[in-house]
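[1] Any chance you could fold what I've pasted below:
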Amino acid sequence: MGALSGIRVLDLSRVLAAPLAAQTLADLGAEVVKIERPGTGDEGRSYGPPFLMDRDGNSTGTAAFFLACNRGKKSVTVDHATPEGQDIIRRLAMDSDVLLENFRVGTLAKYGLDAAALRALNPRLVYCSITGYGQDGPYAQRPGYDGVFQAMGGVMAANGHPDEPMKIGISMVDILTGQNAAIAILAALRHRDQVSGEGQFIDMALLDSGVAALSHFAMNYLVSGEVPQRRGNGGFGGVPSQAFECSDAMIFIVAGNDKQFGALCRALGRAAWAEDPRFDHPAGRVVNRDALLELLRARLKDHPCAFWLAQLGAADVPAGPVNELPEVFADAQVQHRGLLVTTEHPQAGSLPLLASPLRLSATPVNDYPAPPTVGQHTREVLRDRLGFTDADLDALAARQVI
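    Residues are numbered from 1 along each chain as shown. Reported below is the predicted structural model:
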């Protein structure tokens, strides 16, 4: 039994942010029904290569991108543009606790599937809409994807080199928005069950999550009025918090407080640096960042990464190697924590997945059903939840409603 066992989620979303939110709820035990377009399914299925290969080495047509955010769901194909398809979605919404969608503002109202219409049928429904810019404002009707919001929301301003803003490689604004949506949904369910007895509408915007993620980078600007300079692989807190080149590879070291800095200096064989009046207090190390980093860079190039990791580990200085993905999954702590799991996919057989990072003692996340094939559960769900007969389903399929 998961923490959300008994909660039913209707997932009308595509691509990444909203599907990730729904996947988080599935990991926690909710029953998630994913509504997809008949034939092609979620457009995220096409975001390859790479595509998942079946047991015979042939492409399944399902991109790895889709597999990252749709485990634990049941796929039901329904054409929401048809009156019969709209009726199916309404009926599913009537006995659901949560609905997630990420259509453009106003799109679902054309089909009678907007929050006002569905919450009139089911007042307990928590209806979460994820859009680029939110439900209102001068940009509400604009399209947008993660990279646009990293650019507009200041994430690129915080990343890269002084003369070159840079996008984070992964779709971080999508990922953060998905996590924020899951948090908001859980709060709305708590409020419904403990306070009001009714659901509510949740308006999530990628732009909002991108700006909110600026955290202390933005606060540095708001407090000082000065635009922080991009620092490449350096941080914006204590100094050093930086990636360095060793003689063979890169290492990341954080030693922001005086105790850690003193231990770092001793581990490097340069104890006198901790007594230098430029560096003997946190503010001094920030002001004299460039001078300190020049010394550290020169010293760390004297030995290989493994040597320094051993020295710094013995001195209790926070440090780690800059790993490529093969090294990530070979790491002893990553393996001990079980961050890579396998599940059985109906077409591919054994499928590796990233584990949920949520560790609950009483309701652990142990079950990882494979991401579904297109329409894999259409007949099962419509038969069991809505009472359709095989003849009914055959007729709907013939009319391409499902």
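
[2] what's the next secondary structure element after the helix or strand bottoming out on mean pLDDT in the chain?
    In the chain, the helix or strand scored least confidently by mean pLDDT, DSSP states H and E is strand 160-161, which has a mean of 92. Next along the chain after strand 160-161, taking DSSP states H and E as the criterion, comes strand 164-165.

[3] which stretches of the stretch 101-250 of the chain form helices?
    Per DSSP state H, counting those that start in this stretch, the stretch 101-250 of the chain carries helices over the ranges 115-121, 146-152, 155-158, 172-191, 206-212, 215-224.

[4] and whichever helix or strand Phe252 is part of, which strands flank it?
    Assessed by DSSP H and E, Phe252 sits inside strand 250-254. The pairing partners recorded for strand 250-254 under DSSP bridges are strand 241-245 (antiparallel), strand 319-321 (antiparallel).

[5] Run the chain-centre distance for that strand.
    In terms of C-alpha atoms, centre = their mean, to the nearest Å, the centre of strand 250-254 is set 25 Å apart from its chain centre.

[6] List the contacts of it.
    Here strand 250-254 makes contact (C-beta atoms under 8 Å, 6 or more residues apart in numbering) with 233, 235, 238, 240-244, 260, 264, 296, 300, 305, 308-309, 312, 317-322. For the C-beta atoms, the positions are set from N, CA and C on the backbone; glycine is no exception.

[7] swap in stretch 28-35?
    In this structure, residues lying in contact with stretch 28-35 by C-beta under 8 Å, 6+ apart are 1-5, 7-12, 19, 22-23, 25-26, 42, 70, 72-78, 80, 89, 92, 96-98, 358, 363, 365, 372, 377, 381.

[8] Report the rounded mean pLDDT for that stretch.
    Regarding stretch 28-35, the rounded mean pLDDT is 98.

[9] hey, where'd the strands end up in the stretch 301-402 of the chain?
    319-321, 340-345, 349-354 (DSSP state E, counting those that start in this stretch).

[10] so the last one versus strand 340-345, what angle?
    Right, strand 349-354. Put simply, strand 349-354 runs at 150 degrees to strand 340-345, going by axes from the mean of the first three to the mean of the last three C-alpha atoms, to 10 degrees.

[11] Can you list the helices and strands that strand 349-354 packs against?
    Here strand 349-354 touches strand 340-345, going by 3 or more C-beta pairs under 8 Å, 6 or more residues apart in numbering; DSSP states H and E.

[12] Give me the buried stretch members for the strand it packs on, please.
    Residues of strand 340-345 classed as buried by neighbour count (16 or more other C-beta atoms under 10 Å): 341, 343, 345.

[13] now the contacts of strand 250-254: which count as buried?
    Buried among these (16+ other C-beta under 10 Å): 235, 238, 240-242, 244, 260, 264, 296, 300, 305, 308-309, 312, 317, 319, 321.

[14] about what we covered before: output the strand holding Phe252 in CSV with nothing but the alpha carbons.
    The C-alpha coordinates for strand 250-254 follow below in CSV (Å, rounded to 0.1, in the frame of the first residue of the first chain):
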residue,chain,number,x,y,z
MET,A,250,37.9,17.2,-12.4
ILE,A,251,36.8,17.4,-8.8
PHE,A,252,34.3,19.6,-7.0
ILE,A,253,35.1,21.0,-3.6
VAL,A,254,33.0,23.0,-1.1
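
[15] neighbours around the residue nearest to Asp79 when sequence neighbours are not counted, how many?
    Counting by C-beta to C-beta, 6 or more residues apart in numbering, Gly85 is the residue found nearest to Asp79 once chain neighbours are left out, at 4.3 Å. Neighbour count of Gly85, defined by other C-beta atoms under 10 Å: 22.
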